[in-house]
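Undergrad: Fold the following.
(one chain, ligands or ions: 2)
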Amino acid sequence: MTKYIVLVGPAGSGKSTLAKALWELASSRGPKTIIVNFDPAVEVLPYDPHIDVRNLVSVEDFMKKGLGPNGALIASVASLVNYVDEIKSEIDKYSADITIIDTPGQLELFAYRSSGPVIINTIVGEDPAVTLFLIDAPFFEDPLSIVSALSLSSSVAVRMGLPQVNVATKSDLLLPEIVDELIPRLSEEGYLESLIEDVPRIDYNIKLLALHLAAAVRDSGFIGEILPVSIYNEDLLKLVYAKVLQIVSQGEEPSIEIEEDEDAEYGRG
Ligand SMILES: Nc1nc2c(ncn2[C@@H]2O[C@H](COP(=O)(O)OP(=O)(O)OP(=O)(O)O)[C@@H](O)[C@H]2O)c(=O)[nH]1
Ligand SMILES: [Mg+2]
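TA: Ligands and ions are numbered 1, 2, ... in the order given. So this is what the prediction gives:
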């Protein structure tokens, strides 16, 4: 049994970089950790993947059949359904404690197509798993983008069916008041709505929709705690690592050590 951390998020949100950072952090603490590159089109990765779908499918082959680059990427990921047993047995061979899956930025694969969730869930099977949904820093600079990002995240959550943690990536690029005040307050009743109310020049019905979406993601408990993360801030990385471990280790004796101070930090929210 391995514990899966599935990184999903819009293009360029920092998935591959975070995969590497989490791999380094986990490995340095003892758990055997591997990374699966799930992006058939990526040319350069910041890490050396243990398992790489580029060895299984080729985007170029689909382009030769007449598809454009995006269609070919989607089709090549969908074709991975033919290789799930192979991928699973490759993962099993490593006997890793933690398996990080780094997915492509074509979010539609997970937000509204069936291929992404079906393939990931078939690989994960009965093993513990968590989706880490990455929201890029600039999204937090305006309320409508926050609603949009959380809607997208909730769409991924209901399709994947796994516990999901939202992280605000590249927090080093955000103003301190956004990281320290705005983001923590998003789970507070009425807070996001108050930001939406102040948005100028927005169609009345669209504002109403945004208000309802904001209330739905909060009232369902889905917003929960949004964790800021930056590869330049080890404390924040440790908090994300502790949170995902806590989720995938639920219901079992802790075979992977979670540091006490990190547990304590979590008690705060
Ligand atoms: N400032 C800052 N930049 C970051 C951080 N994490 C990632 N980046 C940068 O963001 C860019 C995109 O990072 P990637 O890790 O390639 O993002 P991705 O989500 O894997 O991208 P795709 O696979 O193309 O969807 C790179 O230039 C990274 O160096 C961060 O914490 N802070
Ligand atoms: Mg990537």
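Undergrad: Just the strands from the stretch 101-250 of the chain, written as ranges.
TA: In chain order, the stretch 101-250 of the chain shows strands spanning 129-136, 164-169, 227-228, with DSSP state E, counting those that start in this stretch as the criterion.
Undergrad: Just list the residues touching the residue of the chain found nearest ligand 1, thanks.
TA: Taking C-beta to the nearest ligand atom as the measure, the point where the chain comes nearest ligand 1 is Gly105, at 2.3 Å. In this view, the C-beta of every residue, glycine as well, is placed from N, C-alpha and C. Taking C-beta atoms under 8 Å, 6 or more residues apart in numbering as the criterion, Gly105 is in contact with 9-13, 15, 39.
Undergrad: Just the buried residues of these.
TA: 9-10, 13, 15, 39 (16 or more other C-beta atoms under 10 Å).
Undergrad: tell me the contacts of the residue nearest to Ser79 when sequence neighbours are not counted?
TA: In space, and not counting its chain neighbours, Ser79 is closest to Val57: 5.3 Å by C-beta to C-beta, 6 or more residues apart in numbering. For Val57, the contacting residues are 40, 76-77, 79-80, 83, by C-beta under 8 Å, 6+ apart.
Undergrad: Quick check: phi and psi at Val57.
TA: With angles defined as degrees, to the nearest 10, Val57 sits at phi -130, psi 160.
Undergrad: can you tell me how far it sits from Leu236?
TA: Relative to Leu236, Val57 is positioned 35 Å away (C-beta to C-beta, to the nearest Å).
Undergrad: try Asp180
TA: 12 Å.
Undergrad: Between these two, which is the more surrounded one?
TA: Using other C-beta atoms under 10 Å, the more surrounded residue of Asp180 and Leu236 is Leu236, with 19 against 13.
Undergrad: count of residues packed around Val179?
TA: A count of nearby residues for Val179, using other C-beta under 10 Å, gives 20.
Undergrad: Gly66 now?
TA: For Gly66, the number of neighbouring residues by other C-beta under 10 Å comes to 8.
Undergrad: tell me the secondary structure for it?
TA: Here Gly66 is recorded as coil under DSSP: H, G, I helix; E, B strand; the rest coil.
Undergrad: And the pLDDT for it?
TA: Per-residue confidence for Gly66 comes out at a pLDDT of 93.
Undergrad: Kindly report the same for Glu225.
TA: Reported pLDDT at Glu225 in the predicted model: 87.
Undergrad: From Ala214, how far out is it?
TA: Glu225 sits 16 Å away from Ala214, taking C-beta to C-beta as the criterion.
Undergrad: Tell me which of those two has more neighbours.
TA: Ala214 (25 against 16).
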